[in-house]
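Novice: Any chance you can model this:
(one chain, ligands or ions: 2)
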Amino acid sequence: MANLVLENITKVYDNNVSAVSNFDLEVTDQEFIVFVGPSGCGKSTTLRMIAGLEDITSGDFYIDGKRMNDVAPKDRDIAMVFQNYALYPHMSVYENMAFGLKLRKFSKDDIDKRVKNAAEILGLENYLDRKPKALSGGQRQRVALGRAIVRDAKLFLMDEPLSNLDSKLRVQMRAEIAKLHIRLKTTTIYVTHDQTEAMTMASRIVVMKDGLVHQIGTPKEVYDTP
Ligand code: ADP
Ligand code: ADP
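Specialist: Ligands and ions are numbered 1, 2, ... in the order given. From the prediction side, this is the model:
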């Protein structure tokens, strides 16, 4: 749970591609914000800057009032879920979920409790010893979500987490993520191309176009305009 402020965030890549310009956004505690817009409009770049995977060219970014621009990614208390799951193929489901906690020196008992709790929430109790290649797409995406949950991070960033799933599974996982948000109330920023996902999941939608914020509003405000 966190309050997030982006002030005038701008990203110009080394090759002079201007990916994001003067992005302003205030996200309040427990919100579920969805970024939509055509491919290349700067959604991923914005998420990656928040996560610390990409430097911010100019502007300021705050979590709960603390300026975060120069905080190392692992100290940001943010968990990110990617489109391609980014699971470690040689590790079991358990080890995949435990990895980020080990890195942060959580105790063995604490890790065990957190991983088992996340596995229960996500229905992965019987798959903890499996390697990712022995899981379905939906199960892999659940493991990726599990890695975010175990951390108990302040902020979840999800970059098109469902776009590799077939449409039936996408509908199911969409409902699961919505339920997860109701249960954990973690402030979330979710990137998608999918208007239905945006409409059903968002508290507010940010419509991006060519690196600019085109519109911000509730699903009704964004999609009901004549
Ligand atoms: P998306 O479907 O989210 O737009 P892309 O296929 O554009 O993803 O990008 C995939 C990866 O390639 C990302 O890590 C992105 O940062 C990187 N990338 C995208 N465009 C460029 C580019 N013009 N030069 C270098 N890397 C890029
Ligand atoms: P989206 O997520 O909305 O598809 P991106 O944030 O991936 O958009 O990309 C925004 C713009 O920045 C695009 O023009 C893309 O080609 C460019 N871009 C993305 N990553 C890189 C990179 N690593 N180096 C250079 N240009 C990039």
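
Novice: contacting residues around the nearest residue to residue 162 once chain neighbours are set aside?
Specialist: Leaving aside its sequence neighbours, residue 162 sits nearest to residue 170 (CB to CB, 6 or more residues apart in numbering; 4.7 Å). Just so you know, the C-beta spots here come from the backbone N, C-alpha and C atoms, and that holds for glycine as well. Counting by CB atoms under 8 Å, 6 or more residues apart in numbering, residue 170 touches 162-163, 194, 197.

Novice: where's residue 170, which helix or strand?
Specialist: Element membership for residue 170, per DSSP states H and E: helix 167-184.

Novice: what's the offset of that helix from the middle of its chain?
Specialist: Centroid separation for helix 167-184 versus its chain: 13 Å, with CA atoms, centre = their mean, to the nearest Å.

Novice: for stretch 194-206, same thing?
Specialist: 14 Å.

Novice: And stretch 86-96, by the same measure?
Specialist: Worked out by CA atoms, centre = their mean, stretch 86-96 lies 19 Å from the chain centre.

Novice: residues in contact with it?
Specialist: Applying CB under 8 Å, 6+ apart, the contact partners of stretch 86-96 are 99, 115, 119, 124, 127-133, 135, 140, 143-144, 146-147.

Novice: repeat that for 7 Å
Specialist: 99, 115, 124, 127-133, 140, 143-144, 147 (CB atoms under 7 Å, 6 or more residues apart in numbering).

Novice: got it, and stretch 190-199?
Specialist: Residues contacting stretch 190-199 (CB under 7 Å, 6+ apart): 32-36, 43-44, 47, 158-160, 174, 201, 205, 219, 223.

Novice: give me that answer again for 8 Å
Specialist: 32-36, 38-39, 43-44, 47, 158-163, 170, 174, 177, 201-202, 205, 219, 222-223.

Novice: Do you know the pLDDT at residue 117?
Specialist: Residue 117 is assigned a pLDDT of 92 by the prediction.

Novice: which stretches of the protein have low pLDDT?
Specialist: Regions of the chain meeting the criterion pLDDT under 70 cover residues 1, 225-226.

Novice: what does it have sitting close to ligand 2?
Specialist: 13, 15, 17, 19, 37, 39-45 (CB under 6 Å from any ligand atom).

Novice: Now, those that are in helices?
Specialist: 43-45 (DSSP state H).

Novice: Between those, identify the one with the most neighbours.
Specialist: residue 43 (26 neighbours; other CB atoms under 10 Å).

Novice: Quick check, it in contact with residue 208.
Specialist: Yes: using CB atoms under 8 Å as the test, residue 43 is close enough to residue 208 to be in contact (5.8 Å).

Novice: Kindly point out which residues are neighbours of both of these two.
Specialist: 35-37.

Novice: is it possible to export those to TSV including distance to residue 185 and neighbour count?
Specialist: Formatted as TSV, the shared contacts of residue 43 and residue 208 follow (distance: CB to CB, whole Å; neighbours: other CB atoms under 10 Å):
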residue	distance to residue 185	neighbour count
35	20	26
36	23	24
37	26	22
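
Novice: I'd like those residues laid out as CSV, including distance to residue 89.
Specialist: CSV is the format used below for the shared contacts of residue 43 and residue 208 (distance: CB to CB, whole Å):
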residue, distance to residue 89
35, 29
36, 31
37, 32
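
Novice: Phi, psi for residue 31 please.
Specialist: Main-chain torsions, residue 31, degrees, to the nearest 10: phi -70, psi 160.
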